[in-house]
Each structure stands twice: as structure tokens, then as C-alpha cells.
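Enquirer: I would like to see how this sequence folds:
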Amino acid sequence: MIRWFIAVAAFVIATAADAQELYFPPLSGTWEKVLPSSLNWCGDRIDSLVEFVGKTNGKAFIILKDGRIALEKYYGNFTSDSLWYWASAGKTVTSVLVGMAQAEGLMDLSKPSSSYLGSGWSSCTQEQEQNITVLHHLTMTTGIGFERNNDNCKEPACLTYRAAPGTIWDYHNACYLLLQDMVAKASGISYQQYYTRKLGMKLGMGGIWYNGMLFSKPQAMARFGLMLLAGGIWNGDTILTDRQYETAMRSTSQDLNKSYGYLFWLNGKGSFMQPSIPFVYKTDLVPAAPDDMYAGMGKNDQRVYVVPSKGLVVVRMGDKATESLPAISGFDDDLWNYINALPCGSTSVSDKPMHTLGPVWPNPASDEVHYDGSEITIVNAIGQTVATTTEPVLHIGHLPVGVYHAFVRNGQSRWKTIVIKQ
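Expert: Now for the predicted structure:
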């Protein structure tokens with residue numbers, strides 16, 4: 001028995017020694033850094049990553065390793081004190097605030113949203129409204145219909161009945177914005193005030209909400225990502241005390257889009273749906289990223305990625321990298337290929353010319369595209385295959401102008417990217 005106890009104790013001590021304790025920066029002051037060389041990152045590969053982010057219109061780029069800054073770069077006139085918008089990456093902040101409001105007893109995910117908004121918030125009947133819960137708003141499954149070119153409109157006339165809640169997944173911004181209204185009405189203070197008290201001040205984030213969108217300095221997004229990496233905890237203070245909610249928000253929330261949690265995007269689920277496209281793609285959200293990566297993804301490639309298995313938080317702010325999309329774009333795979341190539345001795349794609357990283361070029365294209373691989377398939381917005389070939393060049397001159405998904409096979413690997421036909 002004594003030998004067994006000693007063996008177990010030795011194992012526990014060894015495991016604790018191997019575990020990396022997270023570092024949390026002070027609310028103001030210097031944020032500690034870690035030398036890239038201590039992570040076995042090669043200098044030339046860091047340079048390639050920094051160059052790639054710059055060439056794809058990045059303004060701020062930060063990588064945290066176990067809480068410390070491993071890489072921080074700003075471009076042009078943009079600095080660490082510059083404000084930028086999170087776009088839909090900020091939806092993840094709202095998700096956390098809803099969880100905090102529920103932990104305080106102010107909200108209940110199972111209750112109808114009309115419990116907080118009042119009846120008549122939509123053009124649905126009272127019975128139809130009663131079937132739409134807070135959870136449906138969190139998971140984009142309200143069933144509310146809307147005009148695609150006016151999906152921010154919260155007026156009842158803009159919110160019509162389309163399908164029973166929980167039966168369709170549709171990325172609807174107005175139904176998300178209504179969550180902010182619910183938090184404000186449930187707490188009795190403005191949404192900005194609730195955010196500032198519960199997250200902004202506790203994490204040292206700062207930030208201003210304007211028209212439902214968060215504007216902040218880049219390090220604020222890194223602070224938020226670090227709190228997520230720690231499991232909803234900040235330097236010993238449990239921010240998200242509802243532990244069941246903390247797990248659920250970064251897990252598949254429904255069977256329609258397995259890569260979506262509570263306003264979080266999830267990797268490694270084997271399929272995903274793209275906003276506004278009623279088609280299930282049979283591939284991981286970001287094949288090049290670790291399976292346990294989850295993220296806030298916003299228009300024009302605003303990103304906060306969290307990877308628990310690697311102790312990583314990655315932040316990207318800037319203008320659109322390639323095309324303007326509400327969440328997922330081909331940029332994600334390209335970026336993660338560069339990140340994966342950072343360690344010395346790893347297989348690097350950063351040695352390839354820029355145009356091969358898609359792995360489709362030119363992009364945008366008018367008449368033809370080239371690609372890295374043995375087969376390419378082009379799929380339109382409704383999931384139809386519109387072009388495919390095993391030849392090195394694919395002719396697309398006959399396709400209408402628009403945005404397409406390209407699937408490229410190279411040996412056992414299958415890549416997903418966006419192709420713009422102009």
C-alpha cells in the first residue's frame with residue numbers, strides 16, 4: 001500500500017511539473033513575453049508568418065503561449081493603442097455575458113425570449129413567440145425569417161415566422177442583437193454597463209459597444225481569449241461561475257450545424273454550415289487548425305482563436321484578407337498553415353510562393369485557376385458541384401460572378417478554401 005501511494009504521489013508530482021501554469025497580465029502595465037526561441041520557433045518562419053498577415057491586410061496580430069506574448073505585431077499606422085471593431089467575433093463576448101447573467105439568476109436559457117423582451121417583439125403570433133427561447137437565440141435556431149440585406153433590423157415587421165424554432169440553423173444578426181437587449185432588461189442597466197462591470201473592468205479589457213459591435217484595443221481581445229483558455233477564469237477569479245454553461249458554450253449546441261456552440265465556432269466536428277448558405281460541408285471548419293480549436297469569427301476576418309491543447313490564443317484584427325464574409329473564409333486555413341510551420345523541423349508551407357497557399361490561384365480569378373493538388377472541385381452557394389478536374393488548370397470562365405467553395409485533394413489531405421469569380 002505504501003509503495004502504491006508513493007508511486008501515485010510521484011506520478012501526480014511529475015504531471016504537475018509538466019503542466020504549464022497560465023500567466024495572467026496585470027490589469028495595466030507590462031504584459032510578460034516569452035522568447036520564440038524557447039518555443040523552438042524558427043526566426044525565418046516567424047518572419048514569413050508576419051509577412052503573410054501583413055500581405056493579407058492585417059492591422060494587429062498577437063499569439064499568446066500559456067498567457068505570455070510570444071508574438072505581437074502591428075502594421076502601418078496601427079498601434080497597440082488603436083481601436084478596432086470585433087464584428088461577429090464579439091458575439092462570443094455576448095455569449096459569456098448571457099452565461100454570467102444566468103449564473104446570477106437574471107436569465108434562464110429555457111425561458112421564452114419574450115420573458116425579457118415582452119410579447120410582440122416579432123411579427124409571430126404570441127404562441128409562436130412563446131416557443132422561441134433564449135437558447136434558440138444563442139444557437140441561431142430561432143426559425144425567424146428576415147431579409148438578407150437587412151439582417152440587423154430588430155423591428156417586429158422585420159422578424160417574421162419562417163419555421164419552428166430548432167428546426168433550421170440560420171445566421172441571423174438581429175436575433176443575436178436581441179440577446180444584448182435581453183441582458184440589459186434582465187440586469188436593469190445598459191448592455192455597455194453590464195459588460196464593463198462583468199468583463200471590461202475585471203479583465204482590463206475596456207472597450208465600447210456601438211450599434212451592437214465591440215470596439216477595443218487588440219490586447220483586449222487577447223485578454224478575453226486568455227480568460228477563455230483558462231476555462232472562464234481570470235487569475236484565480238472564476239468569471240463564468242456556471243461551469244455547465246462554460247462547457248456547453250464551446251460544444252456543439254444542436255445537430256444542424258455541429259461546428260456551432262453558443263455563438264462560438266468549433267473546429268474538429270467533421271462538418272459545418274456557412275452563414276447564409278443552406279448547405280452542410282463535410283469537412284472540419286478549419287482543417288489546418290487543431291481539432292480542439294474554438295473561435296470568435298467576425299466579418300473581414302476579425303479573429304480570436306483559442307486552442308486549449310496547445311495553450312494558444314491567436315488574435316487577428318484588420319481589413320478583409322481576401323473576401324468579405326460574415327465568418328469563415330479561406331484565410332483561416334492559410335493562417336494556420338503558417339502557425340503550424342513555426343516550430344523548427346516542422347513541415348512548412350511558408351516556403352511556397354504566396355499564390356500557392358490558397359491552395360488555389362489566382363484568387364480572385366476570371367477565366368481559370370491553378371491549384372496545389374491532384375483534384376479540385378468547385379461548389380456553388382447551394383452546394384452544387386459546378387466544376388471539377390484532375391488537370392492542373394480548371395477553367396471557370398463559364399461560371400457566374402460570385403463566391404464559391406473549392407475543395408482540393410492532395411494525397412490523403414483535403415483542403416477547403418474560397419474562390420472568387422470576378
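Enquirer: Can you pull out the low-pLDDT segments for the stretch 301-422 of the chain?
Expert: 323-326, 347-359, 381-383, 411-414 (pLDDT under 70).
Enquirer: what about the closest residue to Asp301 other than its chain neighbours, distance to Val306?
Expert: Of all residues not flanking Asp301 in the chain, Ala321 sits nearest, at 4.6 Å (C-beta to C-beta, 6 or more residues apart in numbering). Backbone N, C-alpha and C define where each C-beta goes, glycine included. As judged by C-beta to C-beta, to the nearest Å, Ala321 and Val306 stand 20 Å apart.
Enquirer: go on, Gly120?
Expert: As judged by C-beta to C-beta, Gly120 and Val306 stand 38 Å apart.
Enquirer: between these two, which one's more packed in?
Expert: Neighbours per residue (other C-beta atoms under 10 Å) separate Gly120 from Val306, with Val306 holding more: 25 against 11.
Enquirer: is the more buried one in a bridge, and if so with what?
Expert: Per DSSP bridges, residues listed as beta-bridge partners of Val306: Tyr294, Val313.
Enquirer: Verify the stated contact: it with Met297.
Expert: No - at 11.8 Å, Val306 and Met297 do not qualify as touching, with contact defined as C-beta atoms under 8 Å.
Enquirer: where does the residue nearest to Asp301 fall, phi/psi-wise?
Expert: Phi and psi for Ala321, reported as degrees, to the nearest 10, are phi -70, psi -40.
Enquirer: Pull the number of nearby residues for it.
Expert: Ala321 is flanked by 24 other residues according to other C-beta under 10 Å.
Enquirer: I'd like the distance between it and Ala288.
Expert: Ala321 is 15 Å from Ala288, by C-beta to C-beta.
Enquirer: And the strands in the stretch 101-250 of the chain, which stretches?
Expert: For the stretch 101-250 of the chain, the strands defined by DSSP state E, counting those that start in this stretch cover 144-145, 160-161, 208-210, 213-216, 233-234, 237-238.
Enquirer: how about low-confidence regions in the chain?
Expert: Short version for the chain, where the test is pLDDT under 70: 1-20, 323-326, 347-359, 381-383, 411-414.
Enquirer: Could you chop it up by domain?
Expert: Each domain of the chain is listed here as a residue range: 84-351, 354-422, per automatic domain parsing.
Enquirer: closest one to Phe61 among those?
Expert: Minimum separation from Phe61 across these (C-beta to C-beta) falls at domain 84-351, 5.5 Å.
Enquirer: Which among the strands of the stretch 101-250 of the chain is found nearest to Cys175?
Expert: With C-beta to C-beta as the yardstick, what comes closest out of the strands of the stretch 101-250 of the chain is strand 144-145 (5.6 Å).
Enquirer: Give me whichever of the domains of the chain is most buried.
Expert: domain 84-351 (a mean of 19; mean count of other C-beta atoms under 10 Å).
Enquirer: from the chain's centre, how far out does it sit?
Expert: 7 Å (C-alpha atoms, centre = their mean, to the nearest Å).
Enquirer: Ok, stretch 31-44 next?
Expert: Here stretch 31-44 shows a centroid-to-chain-centroid distance of 25 Å under the convention C-alpha atoms, centre = their mean.
Enquirer: Please identify the helix or strand for the residue lying closest to Gln274 once chain neighbours are set aside.
Expert: Excluding its sequence neighbours, the residue lying closest to Gln274 (C-beta to C-beta, 6+ apart) is Ile328, at 5.7 Å. If you go by DSSP states H and E, Ile328 is not part of any helix or strand.
Enquirer: show me the contacts for Ile328.
Expert: Contacts for Ile328 (C-beta atoms under 8 Å, 6 or more residues apart in numbering) come out as 265, 272, 274-275, 285-286, 297.
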